[in-house]
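Trainee: Any chance you could fold what I've pasted below:
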Amino acid sequence: MSEVNLENPSLPNIDDTLLDRPSFEKCVGKQSEHAPRILLLYGSLRERSFSRLVIEESARLLTRFGAEVKIFNPEGLPQVDVADENHPKVRELRELMMWSEGQVWCSPERHGAMTSIFKSQLDWVPLNMGGVRPTQGKTLAVMQVCGGSQSFNVVNQLRVLGRWMRMVTIPNQSSVPRAYLEFDDNDRMKPSPYYNRIVDVMEELMKFTLLLRDNKGYFVDRYSERVETAEQVSERVNQRSL
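Mentor: This is a model prediction of the structure:
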């Protein structure tokens, strides 16, 4: 077994001036006074959309927990490449993405996957907008509704997309099988373990959002990007001196 000196480790490839040493104090920022801002997205345009009903139930819970909530209606949102970023629905969606501090995504399962309606919403959100990443470091809760037996296909896909968009996806999630049996004639969700799970998810989302929203700048700060930025600055300075 080889011995490694960990008391004073040698790191010849590291720029010590750009290397951060994490501490608890750095993870605690000044707390915002406004209510947590949560954006909710759903994935169906049906008149009685169960993903929308789950989102509306979630919005009620989040409001009770003290959040400010906004629900994006995907009706009228064009397909990507059919219109540009100046379309009113695209502008609305992107502004809500920037506004939010946390998000809830709920899509029906269709052919074993999320719906095109839901995916189109995410496709309109670039990873970078004017030098700002609109979703990086924001919290995310993922849910799905099923027409038949319970599946976790959609929530698994949404987790991958959340990671791709550099979001902090909370551990809990919700999958509602045979969703058409879980709502009454007033479109309110009936008492059940599935409803209780949604309460769990919204409660957990609020906790993670309160914990991270004022500190996400520090949590998503990366050594590799600090090095890249330093190299770019150096390159610009050297170009001016030529």
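
Trainee: Can you find the helix or strand in the chain with the smallest mean pLDDT?
Mentor: Least confident helix or strand of the chain, by mean pLDDT, DSSP states H and E, is helix 223-241 with a mean of 73.

Trainee: tell me the helices in this structure, going along the chain?
Mentor: Along the chain, the segments classed as helices by DSSP state H run 50-64, 88-99, 116-123, 153-164, 193-212, 216-219, 223-241.

Trainee: tell me the most buried of those?
Mentor: When these are scored by mean count of other C-beta atoms under 10 Å, the highest mean neighbour count falls to helix 50-64 (a mean of 21). To be clear about C-beta, it is placed using only N, CA and C from the backbone, and glycine gets the same treatment.

Trainee: Show residues contacting it.
Mentor: When contacts are defined by C-beta atoms under 8 Å, 6 or more residues apart in numbering, helix 50-64 is touched by residues 38, 40-44, 69, 71, 104, 106-108, 118, 143-145, 174, 176, 179-180, 182-183, 187-189, 195, 198-199, 201-203, 205-206.

Trainee: can you pull up the bridge partners for the residue positioned nearest the centre of the chain?
Mentor: Taking C-alpha atoms, centre = their mean, the centroid of the chain lies closest to L140, which sits 3.7 Å from it. For L140, the beta-bridge partners are Q103, T169 (DSSP bridges).

Trainee: Over to the one 4 residues further on?
Mentor: Taking DSSP bridges, one finds S107, S175 as the beta-bridge partners of Q144.

Trainee: these two touch, right, it and S151?
Mentor: Yes: under the criterion of C-beta atoms under 8 Å, Q144 is in contact with S151, at a separation of 7.3 Å.

Trainee: Give the residues shared as contacts by the two.
Mentor: If you check Q144 and S151 against C-beta under 8 Å, 6+ apart, the residues they both contact are 109, 175.

Trainee: if you count what's nearby, which of the two comes out ahead?
Mentor: Q144 (30 against 17; other C-beta atoms under 10 Å).

Trainee: Please report how far the more buried one lies from R226.
Mentor: 38 Å (C-beta to C-beta, to the nearest Å).

Trainee: Chain neighbours aside, what residue packs nearest to V168?
Mentor: T139 (5.1 Å; C-beta to C-beta, 6 or more residues apart in numbering).

Trainee: now swap in Q79 and tell me
Mentor: Closest to Q79 by C-beta to C-beta, 6+ apart is S120, at 6.0 Å.

Trainee: residues contacting the one you found?
Mentor: Each residue near S120 by C-beta under 8 Å, 6+ apart is listed here: 74, 77, 79-80.

Trainee: so where is this protein shaky, pLDDT-wise?
Mentor: Judged by pLDDT under 70, the chain has its weakly predicted residues at 1-2, 130-131, 230-231, 233-234, 236-242.

Trainee: make it 80
Mentor: Along the chain, segments meeting pLDDT under 80 span 1-9, 29, 127-132, 229-242.

Trainee: Distance from the chain centre to stretch 220-227, please.
Mentor: 21 Å (C-alpha atoms, centre = their mean, to the nearest Å).

Trainee: Also stretch 25-34?
Mentor: On C-alpha atoms, centre = their mean, the centre of stretch 25-34 falls 20 Å from the chain's centre.

Trainee: Between the two ends of that stretch, how far is it?
Mentor: End-to-end distance of stretch 25-34: 22 Å, with C-alpha to C-alpha, to the nearest Å as the criterion.
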